[in-house]
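Visitor: Here is a sequence together with a model predicted from it:
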Amino acid sequence: MVAKISPTEFYNKLASTYDATLKDPRTDAQHLKEAAKIFQKYHSRVGGSLLDLGCGTGLLKELLKGEFEYIGIDIAENMLHYASERGYKIIHKPIEDALPEIPDCSYDFVFALGCLLFIEDIDSTLAHINRIARKSILLSLDNLTQEFIRNITVTVYNHSQVSISNAKEDYTIRGWRSPTTGITIQTRMIYIEKVNLN
Ligand SMILES: C[S@@+](CC[C@H](N)C(=O)[O-])C[C@H]1O[C@@H](n2cnc3c(N)ncnc32)[C@H](O)[C@@H]1O
């Protein structure tokens, strides 16, 4: 097991190269593109408020078509700097602290992409997401291998087997290849609709 640092330190260090790394073919990042594809399938030409948990640099905004108000929650201020430049309103807090403070049905759409692996209490987080979203939810859950969990320098959790009964889309893709460990991660993509959007 390698020595661990906090996700804040990890992502503050990575922030300036994060977008380039994600766009690098060697990372083969598919989860964000897949999320945009699913969202576009159910929401053509829409707008509304969009809460992006663990928003990082706000890359999602480059991929979604439509006029949204983006609100991002993240613990790494260097990542949030880029999200802010992209037009995100930012909340600099851990997801675990921020979600309980948000009233029910506050945002049309809630996204949590590439960030739930850092959250220990997945059940409580999913309950808050479900409570906060008015229209729909998009999640990615990474199926982390034991080798990855041992070798990545932050503490991570494999929540890929969590039970989600009300999903409209629920399937696994080749999600991304870890630039630090070289390990390819399978990612479960979940789309939940709170109201009938047709
Ligand atoms: C792999 S990046 C994903 C960024 C973006 N969602 C994407 O898919 O490109 C993970 C992000 O989650 C953030 N993060 C990790 N743990 C967090 C926590 N407990 N609360 C808020 N943000 C967290 C990190 O700082 C980082 O920006």
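Guide: Received it, and whenever you're ready, just let me know what you need.
Visitor: Skipping adjacent residues, who's closest to the spatially most central residue of the chain in space?
Guide: Central residue of the chain (C-alpha atoms, centre = their mean): residue 113, 1.7 Å from the mean position. Once flanking residues are discounted, residue 113 sits nearest to residue 140: 4.8 Å by C-beta to C-beta, 6 or more residues apart in numbering. (C-beta placed from N, C-alpha, C; glycine too.)
Visitor: Can you tell me the SS state at the one you found?
Guide: strand (DSSP: H, G, I helix; E, B strand; the rest coil).
Visitor: and it, what are its bridge partners?
Guide: Under DSSP bridges, the beta-bridge partners of residue 140 are residue 189.
Visitor: count of neighbours near it?
Guide: Residue 140 has 25 neighbours, counted by other C-beta atoms under 10 Å.
Visitor: can I assume it is in contact with residue 189?
Guide: Yes: applying C-beta atoms under 8 Å, one finds residue 140 in contact with residue 189, separated by 5.8 Å.
Visitor: near the ligand, which residues of this protein show up?
Guide: Where the chain comes near the ligand, counting by C-beta under 6 Å from any ligand atom, the residues are 7, 11, 22, 32, 54-56, 59, 73-76, 79, 94-96, 113-115, 118-119.
Visitor: quick check: longest helix of this protein.
Guide: Ranked by residue count, the top helix of the chain under DSSP state H comes out as helix 7-23.
Visitor: mean confidence score for that helix?
Guide: For helix 7-23, mean pLDDT is 97.
Visitor: Which strands and helices lie in contact with it?
Guide: helix 77-85 (3 or more C-beta pairs under 8 Å, 6 or more residues apart in numbering; DSSP states H and E).
Visitor: Which is the succeeding secondary structure element to the helix it packs on?
Guide: Using DSSP states H and E, the helix or strand that follows helix 77-85 in sequence is strand 89-92.
Visitor: Could you find the closest non-adjacent residue to residue 150?
Guide: Counting by C-beta to C-beta, 6+ apart, the residue nearest residue 150 is residue 1, at 5.2 Å.
Visitor: Can you give me the neighbour number for residue 165?
Guide: Residue 165, neighbours per other C-beta under 10 Å, totals 6.
Visitor: ugh, wrong one, residue 164
Guide: Neighbour count for residue 164, taken as other C-beta under 10 Å: 14.
Visitor: How much space separates it from residue 116?
Guide: To residue 116, residue 164 is 12 Å away according to C-beta to C-beta, to the nearest Å.
Visitor: Ok, residue 29 next?
Guide: 16 Å.
Visitor: these two touch, right, residue 31 and residue 175?
Guide: Yes: with contacts defined as C-beta under 8 Å, residue 31 counts as touching residue 175 at a distance of 4.5 Å.
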